[in-house]
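J.: Next comes the sequence, and after it the predicted model I'd like to discuss.
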Amino acid sequence: MADQWHDFVMTFVPLFIVIDAFGNLPFLISVGRDMDRHQQRRVVNYAVLTATVVGLVFLFVGQFILNVMGIAVEEFSIAGGIVLMVLSIRYMITGHMVMVVKEEMVAVVPIGTPLTVGPATIATLLLLAGRFPLYMVLISFVLNMLITWIIFFLSQRIARFMGQGGLTAISRVFSLLLAAIAVSMIIGGLKSLGIIGGTG
């Protein structure tokens, strides 16, 4: 039981950080500003559904792709860590992990992907699937999507309670944690390959 709780925490927390539902609230709120409540709910539902489908596809097919291409999990860990580091630095500097596109099908793009489930989340899913039981990663991802849906659904109330400054502060903290996870992934991959001392 203790090992299962450990695996759950180690899969849930990184996904919670990279999905960054709180960090996406300012964009979601600005997009829904001129919509009525029914339209806002539809945007939230479509966005979370899109993000969930994209994440599940890469979770189940991504590992197969790695195997076909002959890429070891340790090698992907190093590459994924570098990607996460670049994204976290980009976010700390610009306030955006990725460039958003024009507000067309805004629920699907960019809220569903790449803002909610984008390169950082996909890389994290693949890395976690290589280190932990697949069912645990699946549980953590689905639970994160449920939490994301709740946060998005309550976006207007959360915005009024925390204010723009509070949302920005939380998002910046998450970006720092993402950078720390990136360093851990890179070091773990280097250790597993025997490039540096220690074991992964």
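T.: Arrived safely.

J.: Downstream of the helix or strand where Ile147 lies, the next helix or strand is which one?
T.: Ile147 is part of helix 134-153 when elements are defined by DSSP states H and E. Moving toward the C-terminus from helix 134-153, the next helix or strand (DSSP H and E) is helix 155-192.

J.: Counting by contacts, list what that next one packs against.
T.: helix 2-19, helix 21-31, helix 37-69, helix 73-94, helix 119-131 (3 or more C-beta pairs under 8 Å, 6 or more residues apart in numbering; DSSP states H and E). To be clear about C-beta, it is placed using only N, CA and C from the backbone, and glycine gets the same treatment.

J.: Output the shortest one as CSV, restricted to C-alpha atoms.
T.: Output for helix 21-31, consisting of C-alpha atoms alone and laid out as CSV, is shown next (Å, rounded to 0.1, in the frame of the first residue of the first chain):
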residue,chain,number,x,y,z
ALA,A,21,-4.7,24.4,-14.7
PHE,A,22,-4.4,27.6,-12.5
GLY,A,23,-1.8,29.0,-14.9
ASN,A,24,-4.3,28.6,-17.8
LEU,A,25,-7.1,30.4,-16.0
PRO,A,26,-6.2,33.9,-17.2
PHE,A,27,-6.5,32.9,-20.8
LEU,A,28,-9.7,30.9,-20.2
ILE,A,29,-11.2,33.9,-18.4
SER,A,30,-10.2,36.4,-21.1
VAL,A,31,-11.7,34.1,-23.8
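
J.: Give me whichever of the helices and strands packed on helix 155-192 is most buried.
T.: helix 119-131 (a mean of 23; mean count of other C-beta atoms under 10 Å).

J.: quick one on the thing from earlier: closest one to Ile139 among the helices and strands packed on helix 155-192?
T.: helix 2-19 (7.1 Å; C-beta to C-beta).

J.: Contacts for that closest one, please.
T.: 51, 84, 116-117, 120-121, 124-125, 128, 132-133, 136-137, 139-141, 143-145, 147-148, 174, 177-178, 181 (C-beta atoms under 8 Å, 6 or more residues apart in numbering).

J.: Off-centre distance for stretch 46-55?
T.: Mean C-alpha position of stretch 46-55 versus that of the full chain (C-alpha atoms, centre = their mean, to the nearest Å) differs by 12 Å.

J.: So for that stretch, mean pLDDT?
T.: The predicted model gives stretch 46-55 an average pLDDT of 93.

J.: Counting by contacts, list what the helix holding Ile147 packs against.
T.: Using 3+ C-beta pairs under 8 Å, 6+ apart: helix 134-153 touches helix 2-19, helix 21-31, helix 37-69, helix 119-131.

J.: repeat that for 10 Å
T.: helix 2-19, helix 21-31, helix 37-69, helix 119-131, helix 155-192 (3 or more C-beta pairs under 10 Å, 6 or more residues apart in numbering; DSSP states H and E).

J.: ok, Gly23 to Ala107 distance?
T.: 18 Å (C-beta to C-beta, to the nearest Å).

J.: I should have written Gly81 there, sorry.
T.: 31 Å.

J.: Using PyMOL, define a selection of the buried residues within the contacts of helix 2-19.
T.: The following PyMOL line selects those of these that are buried, judged by 16 or more other C-beta atoms under 10 Å:
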select buried, resi 51+84+116+117+120+121+124+125+128+132+136+137+139+140+141+144+145+148+174+177+178+181
